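Curious how this folds, go ahead:
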Amino acid sequence: MKEDDLTNELVRKFRKEGCQNIEVEAHYNHFGDRGVADIFVQNQGVERVMELKSHPDKANEVLRQFERMIKYFYKDDDRERTVKSPVYELCFLPSSDNFFHILQNKEMYKSAKGREEKVVITFRSMDGSNKVYLFPDLEEFEVGDAEWKDYAQENGFKFDRNGDEKEVLNCPYCEKQYTSRGYFRKHIRKCQGEKGVIEKL
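Next up is the predicted model:
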């Protein structure tokens, strides 16, 4: 599934709810600090500014983009806040990879919620049920737990590789974990730098 699929699903959902204003690709610019909110929704006294992620790579890059949106979206002269506390939502495609990504970077994503603004981190279902899974509900799981996969399957998360859990690659030097062999090799080069070791992996 792609980010466009998630966007279309959410737009359909918001339209069914009778949302007054739905803006896809909502641009903002404040003296050169610019970006795009994937979806901006206004409805019955609620404003929701959304960043969508289908296949996130580095958590720090995801959060940097999300933080920029929070800081500058309403500073754009063309954006007028009509509510006291808009909701800023970082929404992930419900896949096993994204679930695992959140668990790997749990502490970083916790920091995003420690703000004065109303911030939510979610997975949203793609099966028409409109279920929303909030990040705090997943905090009980750890990367090494087998239960996280059971939870994901029971709640309709889509699994990659025809339902198989991706192989977890552990750095032998710093114990950092990767599911992408390409990024794992790059990390090994940076972490250790011995070509002979890399060739054996």
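
Quick one: the strands in the protein, in order.
21-30, 33-43, 46-53, 87-92, 118-124, 132-134, 169-170, 177-178 (DSSP state E).

so residue 105 sits right up against residue 59, yeah?
Yes: look at residue 105 against residue 59 with C-beta atoms under 8 Å: they come within range, at 3.7 Å. Every C-beta, even on glycine, is put in place using the N, C-alpha and C of the backbone.

Could you break this protein into its assigned domains?
Taking automatic domain parsing as the reference, the chain has its domains at 3-165, 167-201.

Comparing those domains by mean pLDDT, which bottoms out?
Note on these: lowest mean pLDDT is at domain 167-201, with a mean of 63.

distance of the closest residue to residue 30 other than its chain neighbours from residue 66?
Among residues not flanking residue 30 along the chain, residue 75 sits closest, at 4.0 Å (C-beta to C-beta, 6 or more residues apart in numbering). Taking C-beta to C-beta, to the nearest Å as the measure, residue 75 and residue 66 are separated by 16 Å.

Which one's more surrounded, those two?
With neighbours defined as other C-beta atoms under 10 Å, residue 75 and residue 66 compare such that residue 66 has more, 22 against 13.

Contact partners for that one?
With contact set as C-beta atoms under 8 Å, 6 or more residues apart in numbering, residue 66 has these partners: 51, 88, 90, 112.

Just the buried residues of these.
Burial by neighbour count, judged by 16 or more other C-beta atoms under 10 Å, picks out 51, 88, 90, 112 from the contacts of residue 66.

Among the residues you listed, which one sits closest to residue 15?
For those, the minimum distance to residue 15 (C-beta to C-beta) is 20.2 Å, reached by residue 51.

Okay, and the beta partners of that closest one?
Taking DSSP bridges, one obtains residue 90 as the residues bridged to residue 51.

Could you tell me how far it is located from residue 8?
For residue 51 relative to residue 8 (C-beta to C-beta), the value is 16 Å.

now swap in residue 14 and tell me
From residue 14 over to residue 8 (counting by C-beta to C-beta), the distance is 11 Å.

Of those two, which one has the most company?
Taking neighbours as other C-beta under 10 Å, residue 14 and residue 8 compare with residue 14 leading, 19 against 13.

does that one really touch residue 43, like I thought?
Yes: contact criterion C-beta under 8 Å: residue 14 and residue 43 qualify, at 7.1 Å.

just to revisit the earlier point, got the contact list for the residue nearest to residue 30?
Listed by C-beta under 8 Å, 6+ apart, the contact set of residue 75 reads 28, 30, 33.

Can you lay out those as TSV showing distance to residue 176 and neighbour count?
Shown next, in TSV, are the contacts of residue 75 (distance: C-beta to C-beta, whole Å; neighbours: other C-beta atoms under 10 Å):
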residue	distance to residue 176	neighbour count
28	34	21
30	35	16
33	31	12
